[in-house]
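*Asks:* quick one, fold the following:
(chains A and B)
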There are 2 protein chains.
Amino acid sequence: MKVYRYPTKEIWSDLIKRPVFEQQEISKLIADIFSEVAENGDQALMAFNRKFDQCETERLLVTEAEIENAANLMSTDLKNAIQQAKENISAFHASQRQEIQKIETTQGVTCWRENRAVEKVGIYIPGGTAPLFSTVLMLAVPANLAGCKEIVLCTPPDKNGNINPAILYAAKLCGVSLIFKTGGAQAVAAMTLGTESIPQVYKIFGPGNQFVVAAKEYAQRFGVAIDMPAGPSEVLVIADEQAIPEFCAADLLSQAEHGSDSQVIFITTNLKVLDETIVAVNQQIKALPRNGLAEKALENSSFIIVNSLEEAVEFSNLYAPEHLILAMGDFEKYVPLIQNAGSVFLGNYSCESAGDYASGTNHTLPTNTYTRNYSGVSLDSFVKKITFQHLSKEGLQNLGKTIELMADAEGLFAHKNAVSIRLQ
Amino acid sequence: MKVYRYPTKEIWSDLIKRPVFEQQEISKLIADIFSEVAENGDQALMAFNRKFDQCETERLLVTEAEIENAANLMSTDLKNAIQQAKENISAFHASQRQEIQKIETTQGVTCWRENRAVEKVGIYIPGGTAPLFSTVLMLAVPANLAGCKEIVLCTPPDKNGNINPAILYAAKLCGVSLIFKTGGAQAVAAMTLGTESIPQVYKIFGPGNQFVVAAKEYAQRFGVAIDMPAGPSEVLVIADEQAIPEFCAADLLSQAEHGSDSQVIFITTNLKVLDETIVAVNQQIKALPRNGLAEKALENSSFIIVNSLEEAVEFSNLYAPEHLILAMGDFEKYVPLIQNAGSVFLGNYSCESAGDYASGTNHTLPTNTYTRNYSGVSLDSFVKKITFQHLSKEGLQNLGKTIELMADAEGLFAHKNAVSIRLQ
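*Replies:* Now for the predicted structure:
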């Protein structure tokens, strides 16, 4: 934990730096996994399950019986919670639908856009200690709303060949077509190339470890699209004198527990809030089961006091955080100044975990400065927008001379002729 | 030119294949160019101008005087044409703006999205025989509408150190901030890394040769976003008995003249239209100055007769063309069936060159099957959509239990605590 008091702008460029972690050189490994999956298909995936997940898998496809049974293994409370989250995510993403708007740009020339779903999408859900069923909701709900015809989900099995029931339950609830027991880079390879049982998809979504991230990057060589570049999660909290230090501390820690590479930045204009937030962080961290991870993440965290909220927002725009919390009274005033952020949480009761799970916004967000040039996942991520145009004979007469002149000036005479021949 | 009569679906997968061209292995070369630009900045770019464009460049930045003078070198007719095209492109792209729509997903929980421009964007315009000022319009108009603060344009100078006046004129008209005399992979490197005179940007747009394409791909390693993956241009025309063969032929040739790697597909349900279109292509090609290129492209082209328009659209969806022309009477009926296409032209008077230049739609489109998973350039390409949320105390009370249950089930206790501490 580092504390900076009124840092000058000269040192901001140091403060916005993300911690750099040593990356293993794994491109050769990824290429080998893709080759293996291309050559041996399902058999390769089963062998990888044996090798990496210590699991014997007789079939990769999760059966209807397994999916039905998942509901029995879950509490009614959790099922209701998932239902409420799903409804909110559906409501917010449905509001992102756009009406078709036809524009007559010149008399007789009408242009518009129509959305079409990406027909086949793949969702990757990591295994490990935290079963990320919330990510199933965040990806399958908009895929389903968009009208994707095939929604494939891959996730690694545990040692007994099972998948966490909440993942199966959420997948079923949100209209996932097929669920497969395969994880890691090999799952990404399978959705990219297709195997006997796993269909090839056009776009792959979802988080994962460095092998999954590298595999998604590699998959693009085969014409597959991906949701966005990956990076460690991060939060920046801006607090004024109306912020509640215990709440700020809880939000900072909820980011820090994600992993030792998480980054946490706290900026305030108020010395008392600064001091009390630091005390609260040190107090609250003791009670956390994942405090080892959180402590490591906090080593890279910064607590900064600045002269004004304008300065705080200016710093935030330069840092370009994935999550931005405005823990302040007059947040409306600062919303228009926000330039680079993934998702913004306003006021003392809008904690990041609301957006992580259930408020309705998507939690798949750009990070690691990518909020400067990427949006988070939304309904848009699952559709293509196709442009349409209709020119009547009169429309082409009104526009023809312009097209002919421009085509001629670019030296493209067949382009010009396509107009001339129609106007003759 | 290959003609296929009523091909069975078994051979469709062969017919949708794009011609494969040998690619030079140039990744080492691109990496070297990036290193050179990183190390020597403007001096490196000037040296590359000397080497690749046989041009001595004293300064890279185009002066105000050069820009002012460009207008004097152009005909009033061409300036008026560019003005009309700009107005149509502006009108269509302005219609893509979305109103902010606040959604109350649970009582007291409000979510919405707001657009923010990508602050710094780069536009690459190739040199060569065809001065692509139309691409300046297609990229600078939406960048300007979106509110991008810095719009940088790079294009190679000719041997005398000049840039085509129409490029300068269009850039000035559409609000480009700075124009630089540098081309090829080194221009992409400059916009990615920044030099003494050229600002670093967050997203790079525009077409180019294989070196530019490879450089844009490489640029992404430095955190830069790009418009979309590249590929050769292509058109698919579906014609019924109401199509006019001379018009179809002109459209096919306007695609073919782009380059020897262009692909052209013609599908019809009518034998007479098939035969007459082939005759018209062979007739019209003779008059084209670029008929060498067009002839090469036509070697890879297919002329197909099928049983029904439904079958034609099904084929088109599998092929996923960049440009799709429905040269038919009853096109409204087939619009809803179109699944994969970049831009669609409806009826006998909607020639592709209308969309290439002046109707208002964007001509920067996905190709090479990428219409299955990418959209063309639009206003969206120049903004990020940031999500916002506000929870009142009551809102968090209504949603809190759901968040706590889900966080608990994922084993993320600090996430849960961020809610619990607020509800206590």
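
*Asks:* A:Ala94 - how many residues pack around it?
*Replies:* The tally of other residues near A:Ala94 (other Cβ atoms under 10 Å in any protein chain shown) stands at 14. Any C-beta I mention is one placed from the backbone N, CA and C, and that applies to glycine too.

*Asks:* tell me how far it lies from A:Asn88.
*Replies:* 11 Å (Cβ to Cβ, to the nearest Å).

*Asks:* tell me the contacts of the residue nearest to A:Glu276 when sequence neighbours are not counted?
*Replies:* Excluding its sequence neighbours, the residue lying closest to A:Glu276 (Cβ to Cβ, 6 or more residues apart in numbering or on different chains) is A:Pro245, at 3.7 Å. By Cβ atoms under 8 Å, 6 or more residues apart in numbering or on different chains, the contact set of A:Pro245 is A:Ala239, A:Val273, A:Glu276, A:Thr277, A:Val279, A:Ala280.

*Asks:* from A:Ala249, how far out is the third one?
*Replies:* Using Cβ to Cβ, one gets 8 Å for the distance from A:Glu276 to A:Ala249.

*Asks:* more neighbours, the two?
*Replies:* A:Ala249 (26 against 18).

*Asks:* wait, doesn't the more buried one sit right on A:Lys286?
*Replies:* No - contact criterion Cβ atoms under 8 Å: A:Ala249 and A:Lys286 do not qualify, at 11.8 Å.

*Asks:* so where do the strands sit in chain A?
*Replies:* For chain A, strands defined by DSSP state E occupy the ranges A:2-5, A:103-106, A:109-117, A:120-124, A:150-155, A:178-181, A:203-205, A:225-226, A:234-239, A:263-268, A:302-305, A:323-327, A:343-346, A:383-391.

*Asks:* including mean neighbour count, mean pLDDT and distance to B:Val152, could these go into CSV?
*Replies:* Below are these laid out as CSV (neighbours: other Cβ atoms under 10 Å in any protein chain shown; pLDDT from 0 to 100; distance: least, Cβ to Cβ, whole Å):
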stretch, mean neighbour count, mean pLDDT, distance to B:Val152
strand A:2-5, 12, 95, 33
strand A:103-106, 21, 98, 28
strand A:109-117, 21, 98, 27
strand A:120-124, 27, 98, 34
strand A:150-155, 25, 98, 40
strand A:178-181, 24, 98, 45
strand A:203-205, 25, 98, 30
strand A:225-226, 22, 98, 26
strand A:234-239, 27, 97, 28
strand A:263-268, 26, 96, 30
strand A:302-305, 20, 97, 32
strand A:323-327, 28, 98, 27
strand A:343-346, 25, 98, 28
strand A:383-391, 24, 98, 26
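
*Asks:* can you say which of the ones you listed is nearest to B:Cys111?
*Replies:* Among these, the nearest to B:Cys111 by Cβ to Cβ is strand A:343-346 (9.5 Å).

*Asks:* quick one: strands adjacent to that closest one?
*Replies:* With DSSP bridges as the test, strand A:343-346 is paired with strand A:323-327 (parallel), strand B:383-391 (parallel).

*Asks:* which other residues reach it?
*Replies:* Everything outside strand A:343-346 that qualifies as a contact, by Cβ under 8 Å, 6+ apart, is A:322-326, A:331, A:335, A:338, A:351-352, A:354-355, A:361-363, A:365, A:376, B:386-390.
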